[in-house]
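J.: here you go, sequence then predicted model.
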Amino acid sequence: MYEGLIAETIRIEGHQGDIIDGYLARPLGGGPYPSVVINHHMPGWDEATKEIARKLAHHGYVAILPNLHHRIGPGTPAEQAAAVRAAGGNPDAQYFGDAQGAITYLDRLPYTSGKIGMIGFCSGGRQAFLAACKIPRLSAAVDCWGGRVIATPEEMTERQPVSPIDYAPEMQVPLLGIFGNDDMSPSPAQVDQTEEILRNLGKTYEFHRYDGAGHGFFAVDRPGYRAEQATDAWTKVFAWYERWLRK
């Protein structure tokens with residue numbers, strides 16, 4: 001059977017009408033295909049995350065990866081990430097605007113099905129949790145080791161003023177969580193606490209924890225990559241999307 005995909009940089013309208021960079025990967029053909037918004041990790045809009053967009057396209061999804069660090073100015077992903085860290089991270093309000101801009105872009109494409117998922121890594125996982133609570137337009141979300149979902153008062157700032165777990169009662173989007181048991185952000189205890197809250201609220205969720213894996217174990221270009229655990233976790237991700245985006 002013929003296979004093909006196209007991947008390219010694009011521009012999208014983000015928060016407050018700002019034009020920001022994006023990366024779009026999709027299968028060739030008329031579709032309709034379900035879609036996935038990707039929230040990159042704090043290290044930025046980098047090669048490894050663009051490869052994840054192409055992976056999703058290979059599996060039959062239209063994937064869009066907005067550059068959430070675009071406004072910090074030109075530079076390598078590492079330089080942009082360092083500047084965003086120094087500024088205290090991306091403001092949550094700005095993230096919501098950029099995520100909605102990505103969703104609007106997908107909705108306007110003639111080959112998308114209308115079913116939109118999300119996946120986020122590290123800080124992007126935290127953002128995916130937020131989106132599962134505050135963006136009901138999504139049909140599924142995946143939080144990969146999002147830290148500070150349960151934030152202490154000292155961790156909350158003007159840019160990120162609310163602990164994401166406080167939004168959990170509003171969650172309408174089915175949430176998959178992928179975590180490493182060697183991670184400290186979030187720690188296993190924090191993952192357990194998050195799960196207990198979601199369970200008590202009666203939310204639709206599924207958490208998977210991996211021994212021998214720490215923070216960022218999907219990142220193929222980093223020392224923390226764990227091939228066996230990542231391969232299994234990807235099967236969980238695609239099963240989740242098959243359930244909520246295709247059926």
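T.: Received the coordinates, thanks. Numbers count the residues shown, from 1 in each chain.
J.: neighbours of Lys247, how many?
T.: Here the number of neighbours of Lys247 (other Cβ atoms under 10 Å) works out to 7. (Each C-beta comes from the backbone N, C-alpha and C, glycine too.)
J.: contacts only, for it.
T.: Taking Cβ atoms under 8 Å, 6 or more residues apart in numbering as the contact definition, Lys247 lies against nothing.
J.: give me the local confidence score for it.
T.: You'll see Lys247 listed with a pLDDT of 81.
J.: quick one: low-confidence ranges for the chain?
T.: By pLDDT under 70, the chain has no low-scoring segment.
J.: what segments of this protein are helices?
T.: Assignment of helices within the chain using DSSP state H yields the ranges 47-58, 77-87, 92-107, 123-134, 188-201, 227-241.
J.: out of these, the one nearest Ala140 is which?
T.: helix 227-241 (6.0 Å; Cβ to Cβ).
J.: which strands and helices sit next to the closest one?
T.: Judged by 3 or more Cβ pairs under 8 Å, 6 or more residues apart in numbering; DSSP states H and E, helix 227-241 is in contact with strand 140-144, strand 175-180, strand 205-210.
J.: hang on, isn't Gly89 packed against Met156?
T.: No - taking Cβ atoms under 8 Å as the definition, Gly89 is not a contact partner of Met156, at 11.2 Å.
J.: more neighbours: which of these two?
T.: More crowded of Gly89 and Met156, by other Cβ under 10 Å: Gly89, with 17 against 14.
J.: enumerate every residue touching the more buried one.
T.: 42, 123, 157, 159-160.
J.: would you mark the buried spots in stretch 27-35?
T.: 27, 31, 33-35 (16 or more other Cβ atoms under 10 Å).
J.: contacts for it next, please.
T.: By Cβ under 8 Å, 6+ apart, the residues outside stretch 27-35 that reach it are 3-6, 26, 57-58, 60-64, 106, 109-117, 139, 241, 245-246.
J.: please narrow these to those residing in strands.
T.: The strands, defined by DSSP state E, take in 5-6, 26, 62-64, 112-117 from the contacts of stretch 27-35.
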